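> sequence? don't have it. structure:
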């Protein structure tokens with residue numbers, strides 16, 4: 001069996017642990033190394049699994065990896081992706097793809113010029129409810145889409161996420177991109193205008209933790225997304241992904257994490273929601289690996305990442321100006 005050799009660069013973003021577990025579960029994948037400036041952060045994985053460790057990502061890129069998964073702080077995505085591309089490695093990069101349109105364009109160009117593929121990590125496309133909604137829209141079951149109301153409300157993740165020098169933005173950047181990607185994917189339309197509100201309302205002292213992003217499309221459709229870190233620590237789960245998709249012939253309601261059990265634990269000291277649906281991270285990782293082994297195009301591109309992140313960046317500009325911002 002031909003194996004894809006994959007390395008992981010940085011576990012700063014917690015999604016890296018899930019992606020790593022998914023990669024380990026695939027017999028067609030060989031994990032050839034973990035690069036992280038924090039040895040302690042990955043010590044347990046390295047010692048338990050015997051995976052080579054590199055304190056400098058350049059050491060990993062100098063090896064024989066076919067592809068790398070990047071889960072660094074947002075401000076490092078461009079540097080790491082471009083370096084990986086120049087080393088001839090395919091890239092799966094955590095969202096948001098970048099913190100400026102210029103650097104995202106540079107990332108895409110570097111991958112294209114070096115003959116490697118760039119995939120943006122948007123696992124929400126693999127949620128069962130989302131996949132069914134996309135298929136129903138493609139079948140024309142609700143006619144032409146005229147409006148979408150979405151939410152990606154979560155808890156404040158803390159750490160480097162609330163340090164603008166490392167994150168590039170707060171809740172609006174962190175939580176616009178997932179649902180915006182789903183809307184872009186389902187509508188296949190171009191965003192023409194963004195009008196947004198961003199502020200600190202839930203306790204993040206130096207960065208936005210509340211946002212409402214309004215979007216107009218060139219088709220005449222429009223959307224609004226609640227992108228806030230509004231869930232308290234006592235909430236049963238970290239957050240949500242929901243959409244109300246309104247068409248000329250009907251409405252589709254999507255609750256991405258509705259497949260859940262209610263769990264009451266004295267250990268946790270609160271009730272929690274335990275999701276039992278398909279593992280979206282695993283499905284995304286499988287698609288990434290399969291595409292590279294088959295020589296096919298990755299299913300979620302760097303351009304997809306740019307199209308969603310540019311809306312979040314325009315939202316900040318709109319909030320600052322107090323008026324709509326054109327993306328036409």
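Perfect, thanks for sending it. Predicted, not measured: the structure shown is a model, and the values here were computed from it.
> for this structure, give me the ranges with low pLDDT.
By pLDDT under 70, the low-scoring segments of the chain are 204.
> and it, what are its domain boundaries?
The record's domain split for the chain, according to automatic domain parsing, is 4-121, 124-279+309-326.
> show me the helices in this structure, by range?
Along the chain, the segments classed as helices by DSSP state H run 15-24, 39-49, 57-61, 77-86, 101-113, 128-138, 164-167, 171-187, 280-294, 302-321.
> in JSON lines, list the ones you listed along with distance to residue 240 and mean neighbour count.
Bear in mind the C-beta positions are built from the backbone N, C-alpha and C, glycine included. As requested, these are exported to JSON lines (distance: least, C-beta to C-beta, whole Å; neighbours: other C-beta atoms under 10 Å):
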{"stretch": "helix 15-24", "distance to residue 240": "17", "mean neighbour count": "20"}
{"stretch": "helix 39-49", "distance to residue 240": "28", "mean neighbour count": "13"}
{"stretch": "helix 57-61", "distance to residue 240": "34", "mean neighbour count": "19"}
{"stretch": "helix 77-86", "distance to residue 240": "25", "mean neighbour count": "22"}
{"stretch": "helix 101-113", "distance to residue 240": "27", "mean neighbour count": "18"}
{"stretch": "helix 128-138", "distance to residue 240": "12", "mean neighbour count": "16"}
{"stretch": "helix 164-167", "distance to residue 240": "21", "mean neighbour count": "15"}
{"stretch": "helix 171-187", "distance to residue 240": "10", "mean neighbour count": "25"}
{"stretch": "helix 280-294", "distance to residue 240": "14", "mean neighbour count": "19"}
{"stretch": "helix 302-321", "distance to residue 240": "18", "mean neighbour count": "22"}
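> between those, which one is closest to residue 217.
helix 171-187 (6.3 Å; C-beta to C-beta).
> before we move on, back to that, make a markdown table out of the helices of the chain and add distance to residue 32.
Conversion of these to a markdown table gives the following (distance: least, C-beta to C-beta, whole Å):
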| stretch | distance to residue 32 |
| --- | --- |
| helix 15-24 | 11 |
| helix 39-49 | 12 |
| helix 57-61 | 8 |
| helix 77-86 | 13 |
| helix 101-113 | 20 |
| helix 128-138 | 31 |
| helix 164-167 | 27 |
| helix 171-187 | 29 |
| helix 280-294 | 14 |
| helix 302-321 | 23 |
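> which one of those helices lies closest to residue 202?
helix 171-187 (8.6 Å).
> which helices and strands sit right next to the closest one?
With contacts taken as 3 or more C-beta pairs under 8 Å, 6 or more residues apart in numbering; DSSP states H and E, helix 171-187 sits against helix 128-138, strand 145-151, strand 191-199, strand 210-217, strand 222-226, strand 242-247, helix 302-321.
> next up, phi/psi of the residue lying farthest from the centre of the chain, please.
Most distant residue from the mean C-alpha position of the chain: residue 266, 32.7 Å away (C-alpha atoms, centre = their mean). Residue 266 adopts backbone torsions of phi -70, psi -30, taken as degrees, to the nearest 10.
> for the spatially closest residue to residue 278 that is not a sequence neighbour, what are its contacts?
Nearest residue to residue 278 in three dimensions, chain neighbours excluded: residue 128, at 5.6 Å (C-beta to C-beta, 6 or more residues apart in numbering). Counting by C-beta atoms under 8 Å, 6 or more residues apart in numbering, residue 128 touches 259, 277-278.
> circling back: of the helices of the chain, which is nearest residue 214?
Short answer: helix 302-321, nearest of these by C-beta to C-beta, at 8.5 Å.
> what angle separates the closest one from helix 101-113?
Put simply, helix 302-321 runs at 170 degrees to helix 101-113, going by axes from the mean of the first three to the mean of the last three C-alpha atoms, to 10 degrees.
> on that earlier part again, just the contacts of residue 128 now: which is nearest residue 34?
When the contacts of residue 128 are compared against residue 34 (criterion: C-beta to C-beta), the nearest one is residue 278, at 26.2 Å.
> coming back round to it: neighbour-wise, which of the contacts of residue 128 leads?
Among the contacts of residue 128, residue 259 has the most neighbours (other C-beta atoms under 10 Å), with 15 neighbours.
> can you verify my assumption that that residue contacts residue 276?
Yes. The pair residue 259 / residue 276 is scored as a contact, 5.5 Å apart, by C-beta atoms under 8 Å.
> circling back to that earlier point, indicate which one of the helices and strands packed on helix 171-187 is closest to residue 13.
Evaluated with C-beta to C-beta, these place helix 302-321 nearest to residue 13, the distance being 14.4 Å.
> now do that closest one: which elements does it pack against?
Helices and strands touching helix 302-321, by 3+ C-beta pairs under 8 Å, 6+ apart, are helix 101-113, strand 118-121, helix 171-187, strand 191-199, strand 210-217, strand 325-326.
> OK, contacts around residue 237?
Contacts of residue 237 by C-beta under 8 Å, 6+ apart are 231, 257, 260, 272-273, 275.
> how much space separates residue 58 from residue 79?
Residue 58 is 11 Å from residue 79, where distance means C-beta to C-beta, to the nearest Å.
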